[in-house]
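[1] Based on what follows, work out the 3D shape:
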Amino acid sequence: MKKMKIFEPAMCCPTGLCGVGVDPELLRISTVLDTLKKRGVNVERFNLSSAPREFITDQTINAYINTKGPEGLPAVVVDSKIVITGRYPTNEEFTKLLDLPEGMLTKQSEAAKVKITRKKSGGCDCKGGCC
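    This is a model prediction of the structure:
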C-alpha cells in the first residue's frame, strides 16, 4: 500500500477545526481521512505548529520548506515524493494517488428520498388525509 503524508501550515489545532470560522476544506479533509482510516487506509497528517519535528526529519518536506517556505503548504507526499503543493487533494485524487477502488470516497449523489403518500379525505372535511 502507498504511504501518504499531508504537511500543513501552522494551525491552532492539529486539524484546524476549532474556533468559530471552520474552513469547509479542512472539514472535508478531516472527513476523508476519517473515512479512509475506517477502511484501513492510514494517511498521516502533520501541522507545522503541533508537529514541527516531522517537518525537520522528513527529508523531502524539509528540502521543500527550505526552498518554498511555509507559504507553499499544504504539501502532499506519497512514497517520499511531493505530488501536490498549495492545496489538498480532491477525493478523486486521493483515490488515484493511493490506488484505492474507484468510488471509495464518492458522496452519495442524492439524499435518500422519502415518499410521502396522503390518504384521501375520509369525509370529515380535512384536507390531504391529515385527520
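
[2] Look up which helix or strand residue 66 falls in, please.
    If you go by DSSP states H and E, residue 66 is part of helix 59-68.

[3] Tell me which strands the helix or strand following that helix pairs with, and in which orientation.
    Next along the chain after helix 59-68, taking DSSP H and E as the criterion, comes strand 75-78. Sheet pairing of strand 75-78 (DSSP bridges) gives strand 4-8 (antiparallel), strand 81-85 (antiparallel).

[4] Can you point out the buried residues in the helix ranked longest in the chain?
    Scanning the chain for the longest helix, with DSSP state H as the assignment, gives helix 24-38. By neighbour count on 16 or more other CB atoms under 10 Å, the buried set for helix 24-38 is 26, 29, 30, 32, 33, 36. C-betas here are computed from N, CA, C, even on glycine.

[5] deepest of the strands paired with strand 75-78, which one?
    Among these, the stretch with the highest mean neighbour count (mean count of other CB atoms under 10 Å) is strand 4-8, at a mean of 22.
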